[in-house]
Each structure stands twice: as structure tokens, then as C-alpha cells.
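Visitor: Sequence and predicted model, in that order:
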Amino acid sequence: MHLQRGMGAWLRVGLVVLLTGMAALAQAESDPRQMVVDAVERMTSRVEAERAALEADPAKAKRLVREELADMVDFKRITRMVMGDYFGASSKEQKYRFLDVFKNSLMNTYASGITLYEGQKIDILPMKGGDRKGDYARVRMELKTNSGQVVPIYYTLFLRDDQWKVINVYVNGLDLRETYKSQFAQGMQQYNDIGKVIDNWSADANIDAGIKEES
């Protein structure tokens, strides 16, 4: 049974609310949970204040995400993992081209999540033992949908150059990075050509289909 909205839509809400708010925060090392709390509070307020403009001009939402998101995600690390076993076999040009295609596709996809936020309750959970290990941290969030369903969202962050960067997202049990890795592998099975997989890449593929409500 699907949720009232596709779970992929709620992934966009959670991801965009977090990431586009994080960019304005201090770049130095800080408590990752508090950073997320501050980001969510800032971004939800901004969405409410700018809703009319964002709904009237989808390009504005894309620009906002592009400006804010680019520095908050470790795209190099993620794309290398998404390519998996095919990373070593790809040329330098293909590696950089997929990095650009993946980044642009992801940002355009999640720009659509901005105006889906309509005051839904978001709880940033206290960090538990094991949520912070060296340069890695996990921050857990629960988003309550309009229908009352609670959607767990986990962010994995990596401390790089005194700045926390997102390297993976889990939503309702779905590992986003592994989903994209599987998508790339399926593309190779279909095309048997790295260049064609890149040409036909879409960050939106399989997400709504992959996340379902448990019966």
C-alpha cells in the first residue's frame, strides 16, 4: 500500500529541508545533530516565507537548491560508490561526466521537494551511542506526513575539511546510495556501455517505486 503521497516525494522533502538549510551554517566542526536542528528550523521558515515565489517559478526552486546543495554533499564520494565496480573501468572523462550528470540530476529532482513541505512535523531525534564514530555521524529524523504516517529518515555525514558533508540518506529503510548503485548496474546490463548509462541517467528513477508503506 502506497502512502498518500509517494514516499519518494517525502524523501525530497526531508532531503531538501535539511540540505538547503545547512549551507548557511558555520563551516567549522560542530555537533552534527544541532546543525541539523538549526538547518531545519531555518529552511522550513524560509519555505513558508517564499512559498508563493517558489510555486510560481519552478526555476527559482532549482536555483535555490543548486546554490545551497552543491557544497553540502560529497558528490565525488557518492558517485564513486554509485558507479561501483564500473568506476575503475571508466575513463577519466566518463568519471567527471557522470559526476556532473549525477549532481545536476539529483539537484533538479529534489528541487521539486521544496514546496511539498506544508508544515508537516519534523522531529530530529537525540543521538545515540554509535551515532558518532570518528569522522562519521548519523542524524535521525522523523517526518509526519499529512495522513499521520511517520517516515524515518537517516542522514550519514562525513567530516571533511572541518565541514560535515552528506554521503548517504536512508528513508523508511531504503538506502538511497545503494538504490542508485543498483540503478547504475541495471543500466550496464541494459546498455553494456558506460557512456550510454550516463546519457540515460535520471536521479528520479525507481525511487517512488522502491519505497512503500508496510502493510
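Guide: Ah, there it is. Numbering: from 1, shown residues only.
Visitor: Check the protein for its longest strand and report it.
Guide: strand 150-160 (DSSP state E).
Visitor: Quick check: what element follows that strand along the chain?
Guide: strand 163-171 (DSSP states H and E).
Visitor: Please name every helix or strand in contact with that following strand.
Guide: helix 7-22, helix 75-83, strand 150-160, helix 176-191 (3 or more CB pairs under 8 Å, 6 or more residues apart in numbering; DSSP states H and E). C-beta coordinates here come from the backbone N, C-alpha and C atoms, glycine included.
Visitor: and the angle for that strand with helix 75-83?
Guide: Strand 163-171 and helix 75-83 are oriented at 30 degrees to each other (axes from the mean of the first three to the mean of the last three CA atoms, to 10 degrees).
Visitor: Buried residues in strand 163-171, which are they?
Guide: Within strand 163-171, the residues that count as buried by 16 or more other CB atoms under 10 Å are 163-171.
Visitor: just the residues you listed now: which is nearest residue 150?
Guide: Using CB to CB, residue 171 is the member of the buried residues of strand 163-171 that sits closest to residue 150, with 11.9 Å.
Visitor: what about the closest one, distance to residue 83?
Guide: 22 Å (CB to CB, to the nearest Å).
Visitor: and what of residue 126?
Guide: Counting by CB to CB - residue 126 and residue 83 are separated by 36 Å.
Visitor: Count the residues that sit near residue 157.
Guide: For residue 157, the count of nearby residues is 24 (other CB atoms under 10 Å).
Visitor: and residue 93, that one's in a strand?
Guide: No - applying DSSP: H, G, I helix; E, B strand; the rest coil, one finds residue 93 to be helix, outside a strand.
Visitor: Mind naming the longest helix for the chain?
Guide: Assignment by DSSP state H gives helix 32-56 as the longest helix of the chain.
Visitor: Buried residues of it, list them for me.
Guide: For helix 32-56, by 16+ other CB under 10 Å, it's 32-33, 35-40, 42-44, 46-47, 54.
Visitor: which other helices and strands contact that helix?
Guide: helix 7-22, helix 58-69, strand 122-124, strand 136-144.
Visitor: any chance of the buried residues of strand 163-171 in CSV, with pLDDT too?
Guide: Below are the buried residues of strand 163-171 laid out as CSV (pLDDT from 0 to 100):
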residue, pLDDT
163, 80
164, 82
165, 83
166, 83
167, 89
168, 89
169, 87
170, 89
171, 85
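Visitor: Same list (these) but as TSV, adding distance to residue 145.
Guide: Shown next, in TSV, are these (distance: CB to CB, whole Å):
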residue	distance to residue 145
163	31
164	27
165	28
166	22
167	26
168	22
169	17
170	17
171	12
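Visitor: Pick the one among those residues closest to residue 197.
Guide: residue 168 (20.8 Å).
Visitor: give the contact list for the closest one.
Guide: Residue 168 makes contact with 78, 155-156, 175-177, according to CB atoms under 8 Å, 6 or more residues apart in numbering.
Visitor: among these, which one has the lowest pLDDT?
Guide: Among those, residue 155 carries the lowest pLDDT, at 85.
Visitor: is it true that that one touches residue 127?
Guide: No - between residue 155 and residue 127 there is no contact under CB atoms under 8 Å: 11.7 Å.
Visitor: Neighbour count for these two, which is higher?
Guide: Just comparing residue 155 and residue 127: by other CB under 10 Å the higher neighbour count belongs to residue 155, 23 against 17.
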